[in-house]
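**Q** this one's structure only:
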């Protein structure tokens, strides 16, 4: 049975899709922020983690080698774990790479092996906003961002972290942090990718199903 957390704990990956509308169910983020679960309290996944890890590691190696040869400091994955503690919640994340020093702009880079999505950019933007506040060694550092896909790259300037973006992030965190559960928005598509079980969410929709009907209008 899920147990209440001692404090509200939110991850960047839970927020990114909600911020751009790829996900609509804020309740799922609310539930994960307020409760922790054991391994058998998740919906089983068919995701091929081995293949993904191999592809991601190969892409990360390629990126890192490019910066290492330039004499810049490069920190990868677990070296970059952070928790930004606020008044109502803690925001946690793990940027793939943080690059600093060597005379160039400081960068936060995320490696993506799948097809591009708007939430990819938002994920990097959340890192750009949070890291300099959460990690003392980067206090006062201004970061640019970069997404590296298998066949192209996308630069994200620091100017993207404007007042509108920060306000949207803070408002979402506040909604997810409240004691009042967020509204559920069950749908076959979104529920199909959600790891919250029917026991914890009785409204969960059957994943992968699309309702069909007929008309004589066309």
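**A** Cool, got the structure. Here the structure is a predicted model, which means the values were calculated and not measured. Residues are numbered from 1 along each chain as shown.
**Q** Can you show me the strands along this protein?
**A** 3-4, 9-11, 35-36, 73-76, 82-85, 90-93, 97-100, 106-111, 143-148, 153-156 (DSSP state E).
**Q** Show me what counts as buried in stretch 24-32.
**A** 24, 25, 26, 27, 28, 29, 30, 31, 32 (16 or more other Cβ atoms under 10 Å). Heads up, the C-betas are built off the backbone N, CA and C, glycines and all.
**Q** Can you tell me which of the residues you listed comes closest to residue 148?
**A** residue 29 (26.6 Å; Cβ to Cβ).
**Q** And the pLDDT at that closest one?
**A** pLDDT for residue 29: 97.
**Q** Check the one 10 residues further on too.
**A** If you check residue 39, the pLDDT there is 79.
**Q** just to revisit the earlier point, will you turn the strands of the chain into JSON lines that also has mean pLDDT and mean neighbour count?
**A** Formatted as JSON lines, those follow (pLDDT from 0 to 100; neighbours: other Cβ atoms under 10 Å):
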{"stretch": "strand 3-4", "mean pLDDT": "96", "mean neighbour count": "9"}
{"stretch": "strand 9-11", "mean pLDDT": "97", "mean neighbour count": "20"}
{"stretch": "strand 35-36", "mean pLDDT": "96", "mean neighbour count": "14"}
{"stretch": "strand 73-76", "mean pLDDT": "92", "mean neighbour count": "17"}
{"stretch": "strand 82-85", "mean pLDDT": "97", "mean neighbour count": "16"}
{"stretch": "strand 90-93", "mean pLDDT": "97", "mean neighbour count": "21"}
{"stretch": "strand 97-100", "mean pLDDT": "94", "mean neighbour count": "22"}
{"stretch": "strand 106-111", "mean pLDDT": "96", "mean neighbour count": "23"}
{"stretch": "strand 143-148", "mean pLDDT": "97", "mean neighbour count": "21"}
{"stretch": "strand 153-156", "mean pLDDT": "97", "mean neighbour count": "14"}
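**Q** Residue 199: which of the ones you listed is closest?
**A** Across those, closest to residue 199 is strand 35-36 (Cβ to Cβ), at 12.3 Å.
**Q** Can you spell out which helices and strands pack onto the closest one?
**A** If contacts are counted by 3 or more Cβ pairs under 8 Å, 6 or more residues apart in numbering; DSSP states H and E, strand 35-36 sits against strand 3-4.
**Q** show me what contacts residue 25?
**A** By Cβ atoms under 8 Å, 6 or more residues apart in numbering, the contact list for residue 25 reads 182, 184, 185, 186, 187, 190, 191, 194.
**Q** Could you report the separation of the third one from residue 50?
**A** Okay, so that is residue 185. 32 Å (Cβ to Cβ, to the nearest Å).
**Q** The fourth one too?
**A** When distances are taken as Cβ to Cβ, residue 186 and residue 50 turn out to be 31 Å apart.
**Q** more crowded one of those two?
**A** residue 186 (17 against 8; other Cβ atoms under 10 Å).
**Q** how near is that one to residue 194?
**A** 9 Å.
**Q** Same question for residue 205.
**A** 9 Å.
**Q** Which one's more surrounded, the two?
**A** Neighbours were counted for residue 205 and for residue 194 using other Cβ under 10 Å; residue 194 has more, 20 against 17.
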